[in-house]
Each structure stands twice: as C-alpha cells, then as structure tokens.
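Peer 1: sequence and predicted structure below; questions after.
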Amino acid sequence: MKNAIFYLGLALLCTHELDAMPNHEWRVLPLLRLLEDSVGQFVFVIAHVPLFAIIIGLVASLNMRRRRNSRTVVSAFLVAHTLLHWLFSDHPHYHFDSMLSSVLIVGAGLCGAVFLVLEWAGEDSNSV
C-alpha cells in the first residue's frame, strides 16, 4: 500500500506540472518571474526534463537504500510543495484556483504525508 500511495503522489505531481502550464507557474517562481514570459516558460518546461529523469531514476533505483531514501525525500517534497503553493496563493500571478489544481496539489501533499507516516511507522513493502 505504501508504494501505491507514493506512486499516486508522484503521478499527482507530474499531472500538476501539466496543469502548471495554463496557470503560468513560472510567473510565480522567484527567479523565473524575472525573465521575459516566453523565456521563463521555456526554462520552466526544459528544467523539468532532467529533474523528472533524476527523480524517476532515484525512486526506481536498484539500490534499495537509495530508493528508500529518495522516496522519503520526494514524499517530503510533496508536502513542502503543497505548503509552498499555500504560501504563494496570494501572489498576483498565482492562478491555481480550480478544483482540479487543488486536487492535484493537495492530493500530492496528502500522499506524501501518508507515505512518510507509513515509512516512519515501519510499514514494510516487498514490492517495488
């Protein structure tokens, strides 16, 4: 169950990044918002390619310790990411107001929190 929750959280995050495009998330991010809009969008999209490649590689690593640690870090990020969205929600360029956006963002954070609780509770998982 713990792995299913982790993968659901990761899927919600990836889907949120699709939702980030029409919501112009780069306009909210501290460094990217300083760039011309088309450049900020380009950097935002391109930066996700190596970012997701690294994340997928780490959370699927054959090294069990690396895999476990990576899933813990990603799950903690899912929680922090939700809090960051809450903190930025008053920003004038923040447009994640739809139910879909909320479900993706909060759902990922909840999955991260549940995974961390199960991890700290010592739930063992035999499957990848």
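Peer 2: Looks like it arrived, so ask away.

Peer 1: which residues touch the spatially closest residue to residue 77 that is not a sequence neighbour?
Peer 2: Of all residues not flanking residue 77 in the chain, residue 112 sits nearest, at 7.1 Å (C-beta to C-beta, 6 or more residues apart in numbering). Every residue, glycine included, has its C-beta placed from N, CA and C. Shown in contact with residue 112 (C-beta atoms under 8 Å, 6 or more residues apart in numbering): 9, 74, 75, 76, 77, 78, 79, 82.

Peer 1: residue 55 contacts residue 74, doesn't it?
Peer 2: Yes: proximity of residue 55 to residue 74 meets the contact threshold set by C-beta atoms under 8 Å, at 6.2 Å.

Peer 1: give me the three-state assignment for residue 65.
Peer 2: Judged by DSSP: H, G, I helix; E, B strand; the rest coil, the three-state class of residue 65 is helix.

Peer 1: biggest separation within the contacts of residue 112, which pair?
Peer 2: 74 and 82 (13.1 Å; C-beta to C-beta).

Peer 1: what residues sit buried inside the helix or strand harbouring residue 72?
Peer 2: Residue 72 belongs to helix 64-88 when assigned by DSSP states H and E. Going by neighbour count (16 or more other C-beta atoms under 10 Å), the buried part of helix 64-88 is 70, 71, 72, 74, 75, 77, 78, 79, 81, 82, 85.

Peer 1: what mean pLDDT does it get?
Peer 2: Mean pLDDT, helix 64-88: 97.

Peer 1: who are the packing partners of that helix?
Peer 2: Contact partners of helix 64-88 among helices and strands, from 3 or more C-beta pairs under 8 Å, 6 or more residues apart in numbering; DSSP states H and E: helix 2-20, helix 37-59, helix 99-120.

Peer 1: what residues sit buried inside the shortest one?
Peer 2: Right, helix 2-20. 2-3, 5-6, 8-10, 12-13, 16-17, 19-20.

Peer 1: hang on, residue 10 packs against residue 70?
Peer 2: No: using C-beta under 8 Å as the test, residue 10 is too far from residue 70 to be in contact (10.8 Å).

Peer 1: name the residues contacting each of the two.
Peer 2: Applying C-beta under 8 Å, 6+ apart, one finds that residue 10 and residue 70 are jointly contacted by 55, 59.
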